[in-house]
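Asks: Okay, predicted coordinates and the sequence, questions at the end:
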Amino acid sequence: MNRKMQWLRNKLLSMDLQGMIVSNPVNIRYLTNIQAEGILLVTRKENIFLTDSRYIEDVHNTLTLFDEIVVYDMRGLSIDDYENFFMFCENVGFEENYVTYAKYKEYMHRFKINNFVETENMIEKQRMIKDEEEIESIQKACKVTDDCFEYILGYIKPGMTEKQIAREIDDYYYKNAEGTSFDTIVASGENSSKPHAVPTDRKIQEKDIITDMGCKIEGYCSDMTRTFFVGEIPEEMKKVYDLVLKNQVQTLNDMREGYSTKMLAKMVDNDFRLNNYDLIHALGHGVGLDIHESPIISTRSENILKENMVVTDEPGIYIAGQFGIRIEDTVLITKGGCEALTKSNKEYVVI
């Protein structure tokens, strides 16, 4: 049995759960590498993946004998088959933050479950700590992201639109990776004051440009933001850029196993407030198969960093209707510190 499925079985045993239905496709991929539609059943005796005939061949090509997962075509199952999967299972776990109430009732009825138990995001919590293969995939994605940033700096010319630049970034990722890990952000001038701006037909002029971009390698994401400039850098922007960069670098210096995520965010928030600015979004978040995972690094979080977590460090200042500055790296937490996996230049870049 693969290591992640064995971990899940051991975890269920410790929680007095005799089975579980895993329906979140990201969690299914994490546990089995299966990307086809379906649900994963962990029963007393077997690990079972229920799908339909359209995906059977693909699933069999993904799995090995070592995985010890039995695959069934759902359309070939009888009512009795469904009722037998969790026979003699007193407690069966489910993903309460993913399953709708309608699906909850369907599962209870179809599988004749005696007691459906919330599992409190236990798979998502396990996903916070990356293994060597996961880290290697994220490192590859970050390398492609750095290469894309270098490429796009040579591509951008005044007069191009935000949409045009965003499309070029996306095309680069689809040629050199599995695609983007989220909708690419290219925001210029006053549009950069919106943290999650959507690229528009605004033409690049003098002032600043924010690019927030990332790609996927083997399903794992990268995430990086750089703010650069067209023409001269206005003094007001330079002042804000220096403040953001100072806090971004200081956070990198502080990140290590055992450090409080709340304390990291509070220190940045306090420094911003001393300079009459606010940290209006989280300082960072986990990165993995999802672009936004646990832990969240914010003044309201209570997480402790652990070795082999991969998180972002992304302080930003936004002045409504004028401009915004954000600098972000994807970061690997180690025992004695951290490593920025995205390595693109963070000093002033003027094109």
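Replies: The structure has been received and is ready for your questions. Numbering: from 1, shown residues only.
Asks: so how far is His281 from Ser294?
Replies: According to C-beta to C-beta, to the nearest Å, Ser294 stands 16 Å off from His281. Heads up, the C-betas are built off the backbone N, CA and C, glycines and all.
Asks: okay, these two: which has more neighbours?
Replies: Ser294 (18 against 15; other C-beta atoms under 10 Å).
Asks: so which helix or strand takes in that one?
Replies: strand 293-297 (DSSP states H and E).
Asks: which strands and helices sit next to whatever helix or strand comes next after that strand?
Replies: Using DSSP H and E, the helix or strand that follows strand 293-297 towards the C-terminus is strand 310-313. Packed against strand 310-313 by the contact rule (3 or more C-beta pairs under 8 Å, 6 or more residues apart in numbering; DSSP states H and E) you find helix 132-155, helix 235-254, strand 284-286, strand 293-297, strand 329-333.
Asks: Distance to Ile69 and mean pLDDT added to those, as a markdown table?
Replies: Putting the helices and strands packed on strand 310-313 into a markdown table (distance: least, C-beta to C-beta, whole Å; pLDDT from 0 to 100) gives the following:
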| stretch | distance to Ile69 | mean pLDDT |
| --- | --- | --- |
| helix 132-155 | 19 | 97 |
| helix 235-254 | 40 | 97 |
| strand 284-286 | 27 | 98 |
| strand 293-297 | 24 | 97 |
| strand 329-333 | 30 | 98 |
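Asks: ok, the residue nearest to Gly284 when sequence neighbours are not counted to Leu264 distance?
Replies: For Gly284, ignoring the flanking residues on the chain, the nearest one in space by C-beta to C-beta, 6 or more residues apart in numbering is Ile297 at 3.8 Å. Going from Ile297 to Leu264 by C-beta to C-beta gives 6 Å.
Asks: what touches both of these two?
Replies: Residues touching both Ile297 and Leu264 (C-beta atoms under 8 Å, 6 or more residues apart in numbering) are Leu283, Gly284.
Asks: Number of residues surrounding the closest residue to Cys148 other than its chain neighbours?
Replies: In space, and not counting its chain neighbours, Cys148 is closest to Tyr172: 4.8 Å by C-beta to C-beta, 6+ apart. For Tyr172, the count of nearby residues is 22 (other C-beta under 10 Å).
Asks: quick check: angle from whichever strand or helix holds Tyr172 to helix 132-155?
Replies: In this structure, Tyr172 sits in helix 162-176 according to DSSP H and E. Calculated by axes from the mean of the first three to the mean of the last three C-alpha atoms, to 10 degrees, helix 162-176 forms an angle of 140 degrees with helix 132-155.
Asks: follow-up on the earlier one: strand partners (parallel or antiparallel) of the strand holding Ser294?
Replies: Note on strand 293-297: by DSSP bridges, its sheet partners are strand 284-286 (antiparallel).
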